[in-house]
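Peer 1: Sequence and predicted structure are below.
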Amino acid sequence: MSISSDQFAPIEEALNRLATESMLAQAGRDDGLVPAYSLLGDLRELCSVEPTLREPVAALHRELERLLDAAQPFDAALLQRLRDLAEWMPGALERVRGGAPAGTFGTTGQAAGAGAEAPATAAAAEKPASSDVILSLSLGENRELLGEFYGEAVDHLQQIEAALLALDQQPDDPEALNSIFRSFHTIKGNAGFLGLVPMQLLAHEVESLLDLARNRKLRLTAAIITEILRSRDALQALTQQVALALEKGLLPDQIIPVSHLIRAVKLLAVEDAAAGAGIAAPAPAPVVPLTAETPAQKAPAAHEPVALTDETAAAAVAPKTVTGNAPKVAAGATVRVNTEKLDSLMDVVGELVIVQSQLLETARQQGENAGSPFQRNVAQLSRITKELQHTAMSLRMIPIKQTFQKMERLARDLARDFGKKVHYATSGDDTELDRTVVEEIGDPLVHMVRNALDHGLERPEDRLAAGKPETGTLHLKAYHQGSNIVIELQDDGRGIDPDRIYRKAVEKGVIAAGATLSREEMFALIFAPGFSTAEKVTAVSGRGVGMDVVKRNIEKLRGKIEIDSEVGRGSTFKIKLPLTMAIIDGLVVRVGEDRFILPSTSVKMALRPARENISTVHGTGEVLDLRGRLVPIHRLHRRFGIPAQALNPWDGIIVIVENAGKLSALLVDEMVSKQEVVIKNLGALMQNLPGVAGGAILGDGNIALILDPGTLLQAA
């Protein structure tokens, strides 16, 4: 056997992290010892079928285990071997990928001092752990229980991550600690009842570690929190296997290793508990009361799925102490609903809105007066329909808190990798967005946070030299602004130098030398494909694809992004998004006999131009002089090949739209109205049609195309 193609990426990722840990580690100190041990354990598992790669990793892994057992720091020789291994393995991996031998590491691939016993120890260590087994699921008899388990596990894993990040800032927070303990305890009990062995064993070890912290026998450090986060990630991967089985009926066929995490957690419990034995415990803080019976006193019986009841789940979620006179929340206060049912409801409500609009149009055409019974009934129907529409929309709305929480985890991990210090703050994380928007906005935010930490925030020594605090600030916030949601990412780093962007853009051929650009247009250059100001390519940035992805994904959500930055003071990226993807607030315009809808968020103004403000520029075409600024004119009837009424711009209406910081003018015959319309999919045959985002049925029953100014102007 050899390493499969899908294993190379995780091996390379682990190697990159190991190289970073080895560079940050220092002889005589134990900083980075546990992460390096865990990463070597990962590599050992991933390279298990390739002895030439596995043996040197296993030997070094055993040496670090010896240091951990003896509670000793790195020594210079072992630290150098770790760095040598991190330098040797990428080349060896490339040779294996190409079908060549990996070569040898050092002389024997064994750590100094291993002696003759090393081969026997290695053979024993390579025996598969009982915890590293394929997740066994009995879909036939446990499908319903597994569905409940999956829903609760997702909630608990989100809560664990949020509480761990809170503990990273305040290690003595008893509420967060007890919240994590209860979540791991619930997952362990549920997994044990359902026979999910790897999840039960890993959750049990982490629970035991947290119990030491609850009893003041261990203090949570950054290294311990990192290890618990990695255990949480493994539990999440196992939970996703359950989801895949429930959704598609595919039983797990891949082992997700957890034995290395279990060993690391055990070592942390032994080492840190021993180290803390001689240290005075801090003054006790109020602790959230747990159930009378601890895990050691009573384990759930096979016939007693206590952890799967609503009451237990509610107790596990509540992080605060409940006072005696506090109102009791009913167990059935919330219900999980399949998102397909919500989408179906939204479609039906959309159809109802269309029929209601058609009834209004019929009443108008028949000349019904305002006081007639028919008009009164239609008015009542309109009120009920609007309320139903808003209620259906609210069902699709979910808080952005979970996405903000993921960004906090990302910021923590990246800051650690970059050797930077960052204070991550959020506000408005209870702001609700359409479920589709929340799902799609995660990827752009990942690139923006990575960009802010890599390019924006300086290293601690550079910040101190510039007269700033050594800890940088990253602030992510969300708020309502009119009919939009605004998401802002602020940093107090080095800022964006527009002159440097201009020079780099000329150098890369993005713009011509001597081109005149406004400050906003220069900032917009960072979204150009392939553009990057990084001097060298790293594992995080430098290839010029991240911010391009940000722009594309935000435009796909019918949003736009703005940049404000000051050199030396920091940058602010502002994303404006619609509240929902199901309904659009649009401007209805007419061209000939056809009507089109322009998203209100893209429209700056509409005007009837004077003849003297229209001119023709060679190589550009028709332009409008808008207060001294030349704006290109695009005729919609030419774009869609339809007859128009206004052949001269001064006989029609000019609609000014903004896209990527640039203004353009669209020539239409008439402005019809401004209204909310339900977006309809145009079907597979008209997918990805340039300039068209969808369709809508108007009150008179006719169909209007919803235009996408971005792709429309690019196609033009």
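Peer 2: Okay, I see it.
Peer 1: so which helix or strand takes in the nearest residue to Leu345 once chain neighbours are set aside?
Peer 2: Counting by Cβ to Cβ, 6 or more residues apart in numbering, Ala392 is the residue found nearest to Leu345 once chain neighbours are left out, at 5.5 Å. (C-beta placed from N, C-alpha, C; glycine too.) Assigned by DSSP states H and E, Ala392 belongs to helix 373-396.
Peer 1: what do you get for Ala693?
Peer 2: strand 692-697.
Peer 1: Which other helices and strands does that strand contact?
Peer 2: Judged by 3 or more Cβ pairs under 8 Å, 6 or more residues apart in numbering; DSSP states H and E, the packing partners of strand 692-697 are strand 670-678, strand 703-707.
Peer 1: Now render the ones you listed as CSV, adding mean pLDDT.
Peer 2: Formatted as CSV, the helices and strands packed on strand 692-697 follow (pLDDT from 0 to 100):
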stretch, mean pLDDT
strand 670-678, 81
strand 703-707, 86
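Peer 1: Looking at those, which is nearest to Ser565?
Peer 2: Across those, Ser565 has its closest neighbour in strand 703-707 (31.2 Å, Cβ to Cβ).
Peer 1: Can you name every helix or strand that the helix or strand just after that closest one contacts?
Peer 2: Following strand 703-707 in sequence order, the next helix or strand is helix 709-715 (DSSP H and E). The contact analysis (3+ Cβ pairs under 8 Å, 6+ apart) places helix 709-715 against strand 653-659, strand 662-668.
Peer 1: Could you check how far whatever helix or strand Ala162 lives in is from the centre of its chain?
Peer 2: Assigned by DSSP H and E, Ala162 belongs to helix 139-169. Helix 139-169 sits 18 Å away from the centroid of its parent chain (Cα atoms, centre = their mean, to the nearest Å).
Peer 1: buried ones in that helix?
Peer 2: Neighbour counts over helix 139-169 (16 or more other Cβ atoms under 10 Å) mark 146, 148-150, 152-168 as buried.
Peer 1: Measure how the one helix or strand Val438 maps to sits relative to helix 373-396, angle-wise.
Peer 2: Assigned by DSSP H and E, Val438 belongs to helix 435-451. Put simply, helix 435-451 runs at 40 degrees to helix 373-396, going by axes from the mean of the first three to the mean of the last three Cα atoms, to 10 degrees.
Peer 1: can I get the CA coordinates of whichever strand or helix holds Gln80 in CSV?
Peer 2: Here Gln80 sits within helix 76-97, counting by DSSP H and E. This file holds the C-alpha atoms of helix 76-97, laid out as CSV (Å, rounded to 0.1, in the frame of the first residue of the first chain):
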residue,chain,number,x,y,z
ALA,A,76,18.5,21.7,22.1
ALA,A,77,19.3,18.4,20.3
LEU,A,78,15.7,17.1,20.2
LEU,A,79,14.5,20.5,19.1
GLN,A,80,17.0,20.5,16.2
ARG,A,81,15.8,17.0,15.2
LEU,A,82,12.3,18.3,15.2
ARG,A,83,13.3,21.2,12.9
ASP,A,84,15.3,18.8,10.7
LEU,A,85,12.3,16.5,10.3
ALA,A,86,10.0,19.4,9.4
GLU,A,87,12.6,20.4,6.8
TRP,A,88,13.2,16.9,5.4
MET,A,89,9.6,15.6,5.2
PRO,A,90,8.2,17.9,2.5
GLY,A,91,10.9,16.8,0.0
ALA,A,92,10.4,13.2,1.0
LEU,A,93,6.7,13.5,0.5
GLU,A,94,7.1,15.0,-3.0
ARG,A,95,9.4,12.0,-3.9
VAL,A,96,6.7,9.6,-2.6
ARG,A,97,4.1,11.4,-4.6
